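Undergrad: Just need the structure, nothing else, for what follows:
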Amino acid sequence: MKIVCDRDKLLAAFQTAVLFVPGRNTPKDVLSYIRIDAQADGVTLQATDLDTGALVHVEGVDVNQPGAVLLPAVHLGSILRESNDRQLRIHVTSKGAEVRGEHSELRLNTRDVSEFPSFGPFHEDKYHLIDGRVLRTVIQRTVFATDTESARYALGGVLLELEPEKLIAVATDGRRLAKVEASATAVGGHAAGGAKAGSDGAPPIVRTQALVAISRALTDADQEMRLTVRASDVVFQSPRAAFFSRLVEGRFPRWRDVIPKRPDAVRVELPVGPLGVALRQAAVVLSGEYRGIDFQLGPGTLVLAAASGELGEARIELPVSYAGPPIAVMLDYRFVLDFLKVLPDESQVLMEVENAETAVLFTAEEGAYLYVVMPLSRDRAPGT
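TA: Alright, predicted model coming up:
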């Protein structure tokens, strides 16, 4: 293999692919390598941890001699970051891979490319089209509500329901639930009426770790993504790159039953930025494992009250448009902050509460984004 490539372009592709290289606890040493394939139509970088993977295309590469090579991700990354050369020449010989710049020459040992797991390329004629920025938002607004430590594997991913003109993404850890609806268009009849994966016909559950990596990998160049659900995995593809993830096994909870339907519940509109500031202020006095903050609604005011025997008490007032009877509910402030962090500070959320024992429902963007949080018991609050 012999290529001449723009260093910045190769570095950008590497920074995407390396997100899918496993860490120190890799199941196979060869997975700490990145595969580079050079063909007449360009160069592709591949990386995988067996459960997830990426193929990233590099434009503007002169391929003088087609071929493939495995290079250690850590050392390849160091070379690309530290080099001052605008162009790099990579030549693979029987002695290894030579990487040359105008004033530098390095040689890396290589591995047999046949040792690297084979996957892709992906050529799907049925898929859903979704804007890359929308996909990133969907991921960011759901992954934080998953449970990656539970023995219930289905909670360690995000459920995707695909309809002809939209995508519904749902995540839960049993104590909270996040649900997002976004525009997505089916092509070729892909998953019309809901995605079907597996013999039981259940919608697919995509691994949290894979979605986090994909969210970080997406760039402004990924304006249009193709989402394809297959029997055991899911593929996200743009002209620049393709990402795949094996699906999570298990049955997802009946999430629609979790979302409250209470026509007589109290509803109040809250500003995202000021609410986040008030929560962080009230949380200053909390310590240890307890993270409960009392949300006390009264005429014209939301009071956030917190207390701990070790540090003291906090009472933060936030003016709100509310004229109903007093009502209070205790929530884990971290759960509420997770929700607020993925929303613009200048936006508003609708908080729906019925009493101290039932779930609180937060709604944003005219119902396209729902977040359910179970209340904490006051019996566990310090000083009670």
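Undergrad: How about the contacts made by the residue nearest to D264 when sequence neighbours are not counted?
TA: Leaving aside its chain neighbours, D264 sits nearest to E354 (7.8 Å; criterion: Cβ to Cβ, 6 or more residues apart in numbering). To be clear about C-beta, it is placed using only N, CA and C from the backbone, and glycine gets the same treatment. Residues near E354 by Cβ atoms under 8 Å, 6 or more residues apart in numbering: 260, 262, 264-266.
Undergrad: Of those residues, which is the nearest to A184?
TA: P260 (26.3 Å; Cβ to Cβ).
Undergrad: Wait, that closest one touches T363, no?
TA: No: P260 lies out of contact with T363 (Cβ atoms under 8 Å); the separation is 10.7 Å.
Undergrad: more neighbours, those two?
TA: For P260 versus T363, the count of surrounding residues by other Cβ atoms under 10 Å is larger for T363: 18 against 14.
Undergrad: Make sure that one is indeed in a helix.
TA: No: looking at T363 with DSSP: H, G, I helix; E, B strand; the rest coil, it is strand, so not inside a helix.
Undergrad: And it, how close does it get to Q46?
TA: Distance from T363 to Q46, counting by Cβ to Cβ, to the nearest Å: 42 Å.
Undergrad: Could you say which helix or strand holds I168?
TA: Per DSSP states H and E: I168 is located in strand 166-172.
Undergrad: What helices and strands are in contact with the next helix or strand after that strand?
TA: Beyond strand 166-172 in the direction of the C-terminus, DSSP H and E gives the next helix or strand as strand 176-183. Here strand 176-183 touches strand 127-131, helix 132-140, strand 166-172, strand 369-373, going by 3 or more Cβ pairs under 8 Å, 6 or more residues apart in numbering; DSSP states H and E.
Undergrad: So which of the ones you listed is nearest T228?
TA: Minimum separation from T228 across the helices and strands packed on strand 176-183 (Cβ to Cβ) falls at strand 127-131, 4.4 Å.
Undergrad: Now that closest one - C-alpha only, CSV.
TA: The C-alpha trace of strand 127-131 is given here as CSV (Å, rounded to 0.1, in the frame of the first residue of the first chain):
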residue,chain,number,x,y,z
TYR,A,127,-33.7,3.0,5.6
HIS,A,128,-35.0,6.0,7.5
LEU,A,129,-33.5,9.5,6.6
ILE,A,130,-32.8,11.7,9.5
ASP,A,131,-30.9,15.0,9.8
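Undergrad: Buried ones in that strand, by neighbour count?
TA: Across strand 127-131, burial judged by 16 or more other Cβ atoms under 10 Å covers 127-128, 130-131.
Undergrad: again, but for stretch 233-243
TA: Buried, per 16+ other Cβ under 10 Å, within stretch 233-243: 233-238, 240-243.
Undergrad: Stretch 166-177 now?
TA: Neighbour counts over stretch 166-177 (16+ other Cβ under 10 Å) mark 166-173, 176-177 as buried.
Undergrad: so how far is the first residue of that stretch from its last?
TA: Length of stretch 166-177, first residue to last, Cα to Cα, to the nearest Å: 19 Å.
Undergrad: Quick check: mean pLDDT of it?
TA: Mean pLDDT, computed over stretch 166-177, is 96.
Undergrad: Check stretch 94-110 too.
TA: 92.
Undergrad: Which parts of it count as buried, going by neighbours?
TA: Within stretch 94-110, the residues that count as buried by 16+ other Cβ under 10 Å are 97, 99-101, 108, 110.
Undergrad: Equivalent analysis for stretch 69-87, please.
TA: Neighbour-count burial for stretch 69-87 [16+ other Cβ under 10 Å]: 69-73, 76-77, 79-80, 83, 87.
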